[in-house]
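> I need the structure of the sequence given here:
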Amino acid sequence: MADRKIRVLVAKPGLDGHDRGAKVVARALRDAGFEVIYTGIRQTPAMIAEAALQEDVDVVGLSILSGAHLTLCPKVVALLRAQGQDDVIVLVGGIIPDEDVAKLQAAGVQGVFGPGTSTQEIIEFIRGAVE
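Numbering: from 1, shown residues only. This is a model prediction of the structure:
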């Protein structure tokens, strides 16, 4: 991993059009030396999984504020795994109730970051998870 940058796909699944947080995180990751691909808003789980495959990413970061995290995130994980991307780390950021964190983790999401999480915490989590 030392010979190439960590590749992170940042995506906004579902109909949520609020992407300021996703853009802030994407910029912070880029500034930290990661290679970042931002897919934009209103992506389907299939579009996200396909982009992850095409871009050969190490991490998929999903930004969700719509409340659809228990539906969309497991679908993204399942599609990634179905196409053989078992090593791709899936993270979720946004408005995630505490009681849903364990459900997301059980579905294969490795990290959940709520409001107020520092970008440095996300950067450190990714570095640790990828290494």
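> Go through stretch 50-59 and flag the buried ones.
Applying a neighbour-count criterion of 16 or more other CB atoms under 10 Å, one finds 51, 52, 53, 57, 58, 59 buried in stretch 50-59. Yep, even glycine has a C-beta here, placed from its N, CA and C like the rest.
> Just the ones in strands from those residues, please.
Residues of these located in strands (DSSP state E): residue 59.
> Closest one of the buried residues of stretch 50-59 to residue 83?
Sorting the buried residues of stretch 50-59 by how near they are to residue 83, with CB to CB, puts residue 53 at the top with 5.5 Å.
> now the closest one, nearest residue through space, not along the chain?
residue 83 (5.5 Å; CB to CB, 6 or more residues apart in numbering).
> gap between the most centrally placed residue in the chain and residue 131?
Nearest to the mean C-alpha position of the chain, counting by CA atoms, centre = their mean, stands residue 61 at 1.1 Å. According to CB to CB, to the nearest Å, residue 61 stands 17 Å off from residue 131.
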